[in-house]
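K.L.:
What shape does this take:
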Amino acid sequence: MIQFGTGGWRAVIGDEFIKSNIQLLAKAMCNKMKAEGKTDKGMIIGYDKRFLSKEAMKWSGQVFAAEGIKTMLVNKAAPTPLIMYYVEKHEMPYGMMVTASHNPAIYNGIKIFTYGGRDADKEQTNEIEKYASKIKPEDVKEMDYDEAVKEGLIEEIYPLNEYLDNIIANIDMDAIRNAGLRVALDPMYGVSEIPLKTLLLTSRCDVETIHDNHDTLFGGKLPSPTATTLRGLITRVMDYNFDIGIATDGDADRIGVIDDTGRYLHPNDILVLLYYYLVKYKGWHGAVVRNVATTHMLDKVAKKFGEQCYEVPVGFKYISAKMTEVDAVIGGESSGGLTVRGHINGKDGIYAAMLLIEMIAVTGRKISEIYKDIEAECGSIYMEERDYKFSVEKKAEIKRILMEEQRIPDLPYKIEKVSYMDGCKIYFKNGGWVIGRFSGTEPLIRIFCEMPEKEDAIKVCDILKEFLGL
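P.N.:
The predicted structure follows:
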């Protein structure tokens with residue numbers, strides 16, 4: 001019953017996300033840690049504001065306690081990057097976070113982090129699944145919560161300050177203090193309000209927050225910062241002349257941005273802006289890492305500065321691993337997650353937000369102006385994105401066509417190459433590309449196309465859609 005995707009184990013609440021499965025996963029982690037001799041430093045578990053998140057954390061802690069493994073439970077809803085930071089800083093072998101990130105409200109799940117605060121890779125998650133498959137229901141024991149606390153097997157902690165201090169140490173807070181910036185914040189009913197508001201007020205920004213109450217239904221919207229879900233933030237930025245609007249997803253590892261003109265910045269744009277800023281204005285040197293479905297505008301910026309852009313499969317574990325390998329400046333994905341060299345080895349929407357605000361303060365320029373500079377120096381490109389639902393039978397058919405038979409449609413552009421590293425990606429000689437791949441977190445097939453002209457990107461998506469019968 002435990003199957004991991006690209007962003008951890010996620011399941012529908014009341015279907016597969018139930019107490020027995022949650023504790024089954026905890027027991028599997030206990031068995032794995034014991035087999036590896038990695039129980040000395042124990043386990044840390046955090047949770048977000050989703051329905052059953054806090055309870056799931058406690059249920060897991062009770063299993064660890066029954067196995068004699070000390071567990072630190074974060075006693076307030078916290079951002080995922082805080083847990084990743086804690087695992088890295090305290091050199092823990094593993095950490096867990098109860099969250100389904102940006103999935104719909106009916107989902108919940110658990111992310112696993114490994115040594116260094118990294119997302120568990122495929123090899124690790126396969127091992128966890130194997131451990132779980134060998135466990136019988138009667139093998140899972142739990143210890144009374146209060147008894148576990150009394151005996152020191154469960155310790156409640158709230159390590160927010162050390163995480164915030166690390167961000168403060170890596171951000172030019174003086175520049176922000178002197179800029180007098182106005183920031184509109186939308187935590188999307190998630191966990192970023194306290195940490196981001198603390199950082200912004202510390203740096204003397206004028207801050208206004210919307211959607212900051214606890215709502216497990218996320219206001220009836222998807223807790224993902226998109227142009228559609230951030231209409232309220234767009235209105236707030238425009239009506240009250242804010243310098244920037246910042247939003248984060250449910251567990252604050254992804255970011256959404258509204259610029260000074262009220263334009264929604266695609267995560268691709270944010271990646272491009274930050275890489276450009278770090279190299280041009282801060283004088284950093286190094287490559288950039290992106291996944292197969294993320295903008296090739298990063299390739300253009302890298303080329304301008306004599307650097308290289310590396311492509312990896314979807315899944316932030318691949319981003320962080322490649323960044324370490326090549327000592328990259330920044331790495332990220334088109335779904336809104338990114339990290340920067342010297343920070344944690346995973347996505348962090350809170351740090352990314354502060355770095356964007358630093359960019360405005362240091363350059364003395366508006367975000368819209370900086371992006372125009374980039375397009376003037378590197379050219380422009382347009383991306384079209386499509387999501388399609390499918391039946392079990394349709395998924396098998398699409399998989400057979402694209403991955404097994406490796407058939408592609410007739411396309412009116414010269415093809416340079418085709419890659420099957422993650423899905424089916426076709427590279428065109430004009431610098432454009434299109435990819436069709438199954439989501440690792442939701443039952444969807446995603447089509448992304450990037451071309452020099454908008455009409456061409458739309459046309460290619462339409463051709464692939466028709467070819468696959470979507």
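
K.L.:
for stretch 172-189, which positions count as buried?
P.N.:
172-173, 175-176, 179, 181-189 (16 or more other C-beta atoms under 10 Å). C-beta coordinates here come from the backbone N, C-alpha and C atoms, glycine included.

K.L.:
For V288, state which of those residues is nearest.
P.N.:
When the buried residues of stretch 172-189 are compared for distance to V288 (C-beta to C-beta), D172 wins out at 21.2 Å.

K.L.:
Run through the residues that contact the residue lying closest to that closest one once chain neighbours are set aside.
P.N.:
Nearest residue to D172, sequence neighbours excluded (C-beta to C-beta, 6 or more residues apart in numbering): E358, at 5.1 Å. Going by C-beta atoms under 8 Å, 6 or more residues apart in numbering, E358 touches 171-172, 175-176.

K.L.:
Turn the residues you listed into a markdown table, columns for distance to A252.
P.N.:
Formatted as a markdown table, the contacts of E358 follow (distance: C-beta to C-beta, whole Å):
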| residue | distance to A252 |
| --- | --- |
| I171 | 16 |
| D172 | 22 |
| A175 | 23 |
| I176 | 19 |
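
K.L.:
Mark which of the residues you listed are part of helices, please.
P.N.:
Among the contacts of E358, the members found in helices (DSSP state H) are 175-176.

K.L.:
farthest-separated two in the contacts of E358?
P.N.:
Going by C-beta to C-beta, the pair spanning the contacts of E358 furthest: I171 and A175, at 8.7 Å.

K.L.:
quick one, strands of the stretch 251-400 of the chain?
P.N.:
With DSSP state E, counting those that start in this stretch as the criterion, the stretch 251-400 of the chain has strands at 255-258, 264-265, 288-291, 309-312, 330-332, 338-340, 382-389.

K.L.:
closest one to L233 among these?
P.N.:
The nearest among the strands of the stretch 251-400 of the chain, by C-beta to C-beta, is strand 255-258 at 5.4 Å.

K.L.:
Alpha carbons of the closest one, in CSV - could you do that?
P.N.:
Only the C-alpha atoms of strand 255-258 are listed here, as CSV (Å, rounded to 0.1, in the frame of the first residue of the first chain):
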residue,chain,number,x,y,z
ILE,A,255,7.0,29.9,-4.5
GLY,A,256,4.7,32.1,-6.6
VAL,A,257,5.5,35.7,-7.4
ILE,A,258,3.5,38.7,-8.7
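
K.L.:
In contact with A321, which residues?
P.N.:
Taking C-beta under 8 Å, 6+ apart, one finds 118, 121, 312 in contact with A321.

K.L.:
For Y275, see how far away the last one is.
P.N.:
Relative to Y275, V312 is positioned 16 Å away (criterion: C-beta to C-beta, to the nearest Å).

K.L.:
Neighbour count for these two, which is higher?
P.N.:
Y275 (30 against 23; other C-beta atoms under 10 Å).

K.L.:
Mind pulling up the pLDDT for the more buried one?
P.N.:
According to the prediction, Y275 has pLDDT 98.

K.L.:
Then the one 5 residues further on?
P.N.:
Predicted confidence (pLDDT) for K280: 97.

K.L.:
list the contacts for it?
P.N.:
So K280 contacts F305 (C-beta under 8 Å, 6+ apart).

K.L.:
One more: the one 10 residues further on?
P.N.:
Taking C-beta under 8 Å, 6+ apart as the criterion, R290 is in contact with 271, 298, 309-312, 319, 331-333.

K.L.:
what's the closest of the contacts of A321 to D260?
P.N.:
Among those, and counting by C-beta to C-beta, the member closest to D260 is V312, at 32.6 Å.

K.L.:
Let me know whether that closest one touches A287 as I believe.
P.N.:
No: under the criterion of C-beta atoms under 8 Å, V312 is not in contact with A287, lying 11.7 Å apart.

K.L.:
Could you pull out the buried residues of stretch 211-223?
P.N.:
Going by neighbour count (16+ other C-beta under 10 Å), the buried part of stretch 211-223 is 211-212, 215, 218, 221-223.

K.L.:
Identify those among the residues you listed that sit within helices.
P.N.:
Using DSSP H, none of the buried residues of stretch 211-223 sit in helices.

K.L.:
out of those residues, what pair is the most spread apart?
P.N.:
Going by C-beta to C-beta, the pair spanning those furthest: D212 and L222, at 17.7 Å.

K.L.:
now the nearest residue to S320 once chain neighbours are set aside: how far from E450?
P.N.:
Among residues not flanking S320 along the chain, N345 sits closest, at 4.3 Å (C-beta to C-beta, 6+ apart). In this view, N345 and E450 are 27 Å apart by C-beta to C-beta.

K.L.:
I'd like the buried residues of stretch 172-189 as TSV, with pLDDT and secondary structure appended.
P.N.:
What follows is those, written out as TSV (pLDDT from 0 to 100; DSSP: H, G, I helix; E, B strand; the rest coil):
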residue	pLDDT	secondary structure
D172	97	coil
M173	97	helix
A175	98	helix
I176	98	helix
A179	97	coil
L181	97	coil
R182	97	strand
V183	98	strand
A184	98	strand
L185	97	strand
D186	97	strand
P187	97	coil
M188	96	coil
Y189	96	coil
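
K.L.:
right, and out of the residues you listed, which lies closest to R437?
P.N.:
Among the buried residues of stretch 172-189, M188 lies closest to R437 (C-beta to C-beta), at 25.7 Å.

K.L.:
Enumerate every residue touching Y281.
P.N.:
Contacts of Y281 (C-beta under 8 Å, 6+ apart): 359, 362-363.

K.L.:
Just say helix, strand or coil for R446.
P.N.:
The local conformation at R446, judged by DSSP: H, G, I helix; E, B strand; the rest coil, is strand.

K.L.:
so what does the lengthiest helix in the chain touch, helix or strand wise?
P.N.:
Counting by DSSP H, the longest helix found in the chain is helix 19-36. Here helix 19-36 touches helix 53-66, strand 94-98, strand 107-114, helix 122-133, going by 3 or more C-beta pairs under 8 Å, 6 or more residues apart in numbering; DSSP states H and E.

K.L.:
so which of those gets nearest V418?
P.N.:
Across the helices and strands packed on helix 19-36, V418 has its closest neighbour in helix 122-133 (23.0 Å, C-beta to C-beta).

K.L.:
What average pLDDT does the closest one get?
P.N.:
95.

K.L.:
for it, packing partners?
P.N.:
strand 4-5, helix 19-36, strand 107-114.

K.L.:
Just the C-alpha atoms of the last one, please, in CSV.
P.N.:
C-alpha atoms of strand 107-114 as CSV (Å, rounded to 0.1, in the frame of the first residue of the first chain):
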residue,chain,number,x,y,z
TYR,A,107,-4.6,14.3,-0.3
ASN,A,108,-2.0,14.0,2.4
GLY,A,109,1.3,12.2,2.5
ILE,A,110,4.8,11.8,3.9
LYS,A,111,8.1,13.0,2.5
ILE,A,112,11.3,11.2,3.5
PHE,A,113,14.6,13.0,3.8
THR,A,114,18.0,11.4,4.0
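
K.L.:
So R177 sits against S203, correct?
P.N.:
Yes: taking contacts as C-beta under 8 Å, R177 lies within contact range of S203: 5.4 Å.
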